[in-house]
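Colleague: how would this look folded up:
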Amino acid sequence: MVLSLLLACSGAGPSGLLEPEVLPAALAVQVAPAWDPLLESSLAVRFTADDAGSLALTLADALGTPLVTESLTVGDDGLADWSWEDLDGAVPALGTYWLTGVFTRDDGEGTELTAEIEVVRLGFDQAWAEDDDGATSTRVHLTWHQVGMTQQDTAAFSALDALEADGVALDFPDLTPTLGRPMEGTSQPLAYVWDSLPLITVALGDAAVIGEQALTLDVDGWTVLTDGPLAPGEPVTLQRDTPLSDRVGVVDETLRLGFTAQDDQGAAHDLGAQFLPIRFYALHDDPDTEVWPAAIDPALTAIDGAAPQAEAVLDALVDWVFHDLGLSYDTNWGASYYTAYFSEDWEQAHFYFTDFLERRFGTTVNCSDCASILVAYANMIGVPLNYRIIGWNFQLNQILAIGGSDFSNCPFGPGGCGFSYHAVTGGLGYGAIWDATLALDGDSDPSALPSETLMVQTIDEDEYMDRLVMSGRADYTYEAQGTHQ
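Modeller: Residues are numbered from 1 along each chain as shown. Predicted coordinates:
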C-alpha cells in the first residue's frame, strides 16, 4: 500500500524504480537598486541559489552594451558574491545599468534573472536651522558683533558650493574658527534653549541625480518629518529625537545624513552618507539681548554642565570670571577700564564689551567692569541679571580681590580701606548677590584675619552687606542692566 502510494505520487521510470521529482532551479539577488560610487567605493552583490552550480554574470549599460561578463561558482551553500567597483579605474557614469545572472545547477536545470541598478549622485548642499515657536524647540539667532549681522531663518548655517571635488564626495564644512564674524566656506554655530528639540532642514544640491529610485534619508537620533522620497527642489526637515541637553553648555554633534533605498522585496539598503557637523549652544532661556558667539562660546565652554537654573548658571559664571579670565583688581585707583556711566548717571552703565573681548585696555578691572562682565554674559546665556550700586563711602571688612592672593580690608594700601561705591549684580527678584570682583571672608569674624574664602555666589543680599561693610553708610542704591557694544 505504501509503495503503490509512492509510485502514484512520485512516478516510476521504465525500470519500475522511483525517480525523484526535479524542481525548477531558483535564483535570487540581493543588491541595492542605486549606487553612488563617490559615497561607497563598491557595490556588493549576492546571488542566492537553491543548490551548487555555476552563474554567468553580465553587467550592461542602458543601451544593452555589455560592460562586464564573469563566470561565478555557486557553492554548496548556494551563495555567490560579486562586487561592482570602478571600471578600468573610472567612476561609472550616472544612469541605468542592468545586471543579469544566468544560473545553471549541477543537475542541468537553469534559470535567469535581471536587476536594474541606477548609478546616482547624492548630496545636500544647504542646511538651515528652524524652530516651532517654542512648542518643542526655541532657536536663538546669533549676532556676529564685528559685522553687526544676525542669523536669519532663510540663510543657511552651512553650505557647499559643490557636491564633489576631484572625484571625492564632500561633507559639510567644519565650524568657523572666527567667532566675531563668520568665515566663508565654514559652518556657523547654532543656539537653542537647552531643552529644545532642534529642527534642521537640508536640501539636495543642484548637481544631485537620484534617478527613478525611491531614495530616503535616515539620520540616527533624528526623525525625518518630511513625507515621501527625496526629490530635487524639495527640502527635507528633521528633528532631534531627544532634548539638546539636560544642562547649559556646548553640544558638538555630527549628523550622519544616511541615504537609503528599498529593493523590490522591501529590504533597505544603506547607500552611504554625507556628514554635517554642528555646534549647538544650549542656553538657559531665550535672551532679550543680542547673543554673540564670541561671548557665549568661551562662557558656555567654561560652565558646561551647569544645571539649567538661573542661580546655578550665575554661580558658575562667577567662578569662571574670578578664577579663569586672568583679571586683576586695580588696587591703585579702583578705576573702570571697560565700563562708563554716561553723564554720571548710575543707571546708564555702558560696557565696552568688544574692547573687553579683545582685552584692548589690558586685564586690570574694577567692580563696575566685573559687574558688566557678569551682566553681559548672563543675559546672553538667557539669565536676566542687573548690576546694582552700593553707595557711598564705607569701610571694608576682609576681602580677597580678583587676581589677588591675600585677604585685606585695605586693598588700596594703608590709607585706602574703603570703597566710595561698589558695583555688584543681582536684582530682578533674586534677593541674592553675585560678585566676581571679590571673595568675602566667610568665617564668624569677617573684620579680622585669618579669613575663610567665601565666593559671592547666590549670597543673600543682607548677608553680603554684613560681610562686606565694616562701617559707614552703605545701601543698594541703583539697579539696571546697562548697555554694551
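Colleague: How much space separates Asn268 from Thr437?
Modeller: Small correction: residue 268 is Ala, not Asn. Using Cβ to Cβ, to the nearest Å, one obtains 61 Å as the distance from Ala268 to Thr437. (C-beta placed from N, C-alpha, C; glycine too.)
Colleague: The two: who's more crowded?
Modeller: More crowded of Ala268 and Thr437, by other Cβ atoms under 10 Å: Thr437, with 28 against 12.
Colleague: Can you list the helices and strands that the helix or strand hosting the more buried one packs against?
Modeller: Counting by DSSP states H and E, the element that carries Thr437 is strand 432-441. Secondary-structure packing of strand 432-441 (3 or more Cβ pairs under 8 Å, 6 or more residues apart in numbering; DSSP states H and E): helix 310-324, helix 367-381, strand 399-401, strand 418-426, strand 453-460, helix 461-468.
Colleague: nearest to Asp288, of those?
Modeller: helix 367-381 (7.2 Å; Cβ to Cβ).
Colleague: Just the buried positions in the following helix or strand past that closest one, please.
Modeller: Where DSSP H and E defines the elements, the next helix or strand beyond helix 367-381 is strand 386-396. For strand 386-396, the neighbour count (16 or more other Cβ atoms under 10 Å) marks 386-391, 394, 396 as buried.
Colleague: can you give me the helices in this protein?
Modeller: In the chain, the segments counted as helices under DSSP state H are 2-10, 293-302, 310-324, 353-357, 367-381, 461-468.
Colleague: which other helices and strands contact the last one?
Modeller: For helix 461-468, the helices and strands in contact under the criterion 3+ Cβ pairs under 8 Å, 6+ apart are strand 386-396, strand 418-426, strand 432-441, strand 453-460.
Colleague: Make TSV out of the helices and strands packed on strand 432-441 and add mean pLDDT.
Modeller: Putting these into TSV (pLDDT from 0 to 100) gives the following:
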stretch	mean pLDDT
helix 310-324	98
helix 367-381	97
strand 399-401	97
strand 418-426	96
strand 453-460	98
helix 461-468	97
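Colleague: got a markdown table for the helices and strands packed on helix 461-468, with distance to Ser471 too?
Modeller: Output for these, formatted as a markdown table (distance: least, Cβ to Cβ, whole Å):
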| stretch | distance to Ser471 |
| --- | --- |
| strand 386-396 | 4 |
| strand 418-426 | 9 |
| strand 432-441 | 15 |
| strand 453-460 | 20 |
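Colleague: Please identify which of those is closest to Thr176.
Modeller: strand 432-441 (29.0 Å).
Colleague: How far off centre is that closest one?
Modeller: 34 Å (Cα atoms, centre = their mean, to the nearest Å).
Colleague: next one: stretch 183-200
Modeller: For stretch 183-200, the distance to the chain centre is 6 Å (Cα atoms, centre = their mean).
Colleague: cool, stretch 477-485 as well?
Modeller: That offset, for stretch 477-485, works out to 33 Å (Cα atoms, centre = their mean).
Colleague: likewise stretch 67-77?
Modeller: Here stretch 67-77 is found 46 Å from its chain centre; the criterion is Cα atoms, centre = their mean.
Colleague: now swap in stretch 56-70 and tell me
Modeller: Worked out by Cα atoms, centre = their mean, stretch 56-70 lies 45 Å from the chain centre.
Colleague: show me where the stretch 201-350 of the chain has strands.
Modeller: With strands called from DSSP state E, counting those that start in this stretch, the stretch 201-350 of the chain shows them at 215-218, 222-224, 236-240, 249-262, 268-283, 328-329, 339-341, 349-351.
Colleague: tilt between the third one and strand 268-283?
Modeller: Which is strand 236-240. Angle, strand 236-240 to strand 268-283, by axes from the mean of the first three to the mean of the last three Cα atoms, to 10 degrees: 60 degrees.
Colleague: So which elements touch strand 236-240?
Modeller: Secondary-structure packing of strand 236-240 (3+ Cβ pairs under 8 Å, 6+ apart): strand 199-204, strand 222-224.
Colleague: in the sheet, who's paired with the residue nearest to Thr154 when sequence neighbours are not counted?
Modeller: Once flanking residues are discounted, Thr154 sits nearest to Trp128: 7.5 Å by Cβ to Cβ, 6 or more residues apart in numbering. With DSSP bridges as the criterion, the beta-bridge partners of Trp128 are Thr201.
Colleague: Report the contact partners of Trp128.
Modeller: Residues near Trp128 by Cβ atoms under 8 Å, 6 or more residues apart in numbering: 153-157, 200-202, 235.
Colleague: ok, now how distant is Leu87 from Ala93?
Modeller: 9 Å.
Colleague: any weak-confidence spans in this protein?
Modeller: Residue ranges of the chain with pLDDT under 70: 1-22.
Colleague: Could you list the domains of it?
Modeller: 24-119, 124-283, 309-484 (automatic domain parsing).
Colleague: And the ones you listed: which comes nearest Thr301?
Modeller: Using Cβ to Cβ, the domains of the chain put domain 124-283 closest to Thr301, at 5.4 Å.
Colleague: Give me the neighbour count for Leu67.
Modeller: Count around Leu67 with other Cβ under 10 Å applied: 14.
Colleague: Find the nearest non-adjacent residue to it, please.
Modeller: Leu59 (5.0 Å).
Colleague: Write down the beta-bridge partners of Arg46, one by one.
Modeller: Gln30, Asp81.
Colleague: Quick check: which of the helices and strands packed on strand 432-441 is buried the most?
Modeller: helix 367-381 (a mean of 27; mean count of other Cβ atoms under 10 Å).
Colleague: what angle do that one and strand 432-441 make?
Modeller: Using the same axes, to 10 degrees: helix 367-381 against strand 432-441 is 140 degrees.
Colleague: Which secondary structure elements does helix 367-381 sit against?
Modeller: Other elements packing on helix 367-381 under the criterion 3+ Cβ pairs under 8 Å, 6+ apart are helix 293-302, helix 310-324, strand 339-341, strand 349-351, helix 353-357, strand 386-396, strand 418-426, strand 432-441.
Colleague: Export these as a markdown table, with columns for distance to Arg247.
Modeller: Listed next are the helices and strands packed on helix 367-381 as a markdown table, based on distance: least, Cβ to Cβ, whole Å:
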| stretch | distance to Arg247 |
| --- | --- |
| helix 293-302 | 10 |
| helix 310-324 | 9 |
| strand 339-341 | 30 |
| strand 349-351 | 27 |
| helix 353-357 | 24 |
| strand 386-396 | 25 |
| strand 418-426 | 22 |
| strand 432-441 | 19 |
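Colleague: Okay then, goodbye and thanks.
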